[in-house]
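Engineer: here's a sequence, model it:
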Amino acid sequence: MTGRIGAKFTPYLGVEGEASIGVKDEDITIAGVDGKLEHDYDAALYGVASVPVSDNVELFGRLGYGTTSIKADVAGATASTDGESINYGAGANWYLDGKNGLRADWTRRDFQDDGGEIDTYGLSYVRRF
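Structural biologist: Predicted coordinates:
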C-alpha cells in the first residue's frame, strides 16, 4: 500500500514524497525449506516534471532517491536488509474533475551496491487539494 503527497511549484515542476508498506507476505523456499518474505517499508523523495496534454490529462517523469527494507523468516531464522536506490519513472494523470483523478505509473528502483533493480507499476486514485 502506497501513499503519496506532492506539491507543484510551477505547472511543470514539483516534488513528491511517497511511503509504502507491504500488506501480504510472499511465500519462499530456500534449499527446500519454506519461509516468508516481508516488505517492511519503502520511502522516497522525487523531483517531478509534468507536461499538460489537455485540461484533464498530464504526463510526468520523476527522478528521486529511496530506501527499502525487507525481512525474511526461514525455519525460524530471521534476517532483514535495507537498500538505498536511485528511482526513476514516468506516468500519466487523468483528472475526472477539478479534484479527483486516476494515475498510472511505472517506477524503477535501481539499488546501489549492485543490489539489482525492481520495477513497480501502479494505478492510483488522486485527490487534489
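Engineer: alpha carbons only for contacts and neighbour counts from here, please
Structural biologist: Fine.
Engineer: quick one: low-confidence parts of the chain?
Structural biologist: Low-confidence segments of the chain (pLDDT under 70): none present.
Engineer: which residues of it fall in strands?
Structural biologist: Along the chain, counting by DSSP state E, strands occupy 2-8, 13-20, 26-30, 33-52, 57-74, 77-95, 100-111, 117-127.
Engineer: now do the buried residues in the last one.
Structural biologist: Of the residues in strand 117-127, those buried under the neighbour-count criterion (16 or more other C-alpha atoms under 10 Å) are V126.
Engineer: with the second one instead?
Structural biologist: Burial within strand 13-20, assessed by neighbour count using 16+ other C-alpha under 10 Å, is assigned to 14-17, 19-20.
Engineer: can you tell me which of these is closest to Y88?
Structural biologist: Looking at the buried residues of strand 13-20 and their distance to Y88, the nearest is E16, at 12.2 Å (C-alpha to C-alpha).
Engineer: look up the closest residue to A19, ignoring the ones flanking it.
Structural biologist: Excluding the flanking residues, the one nearest A19 by C-alpha to C-alpha, 6 or more residues apart in numbering is A43, at 4.4 Å.
Engineer: now swap in S50 and tell me
Structural biologist: In space, S50 comes closest to F60 once its chain neighbours are excluded; the distance is 4.2 Å by C-alpha to C-alpha, 6+ apart.
Engineer: count of neighbours near the one you found?
Structural biologist: Using other C-alpha atoms under 10 Å, F60 has 17 neighbouring residues.
Engineer: quick one: it and A75, what's the gap?
Structural biologist: Taking C-alpha to C-alpha, to the nearest Å as the measure, F60 and A75 are separated by 44 Å.
Engineer: do the same with I28
Structural biologist: I28 sits 11 Å away from A75, taking C-alpha to C-alpha as the criterion.
Engineer: got it, and A31?
Structural biologist: Counting by C-alpha to C-alpha, the gap between A31 and A75 amounts to 11 Å.
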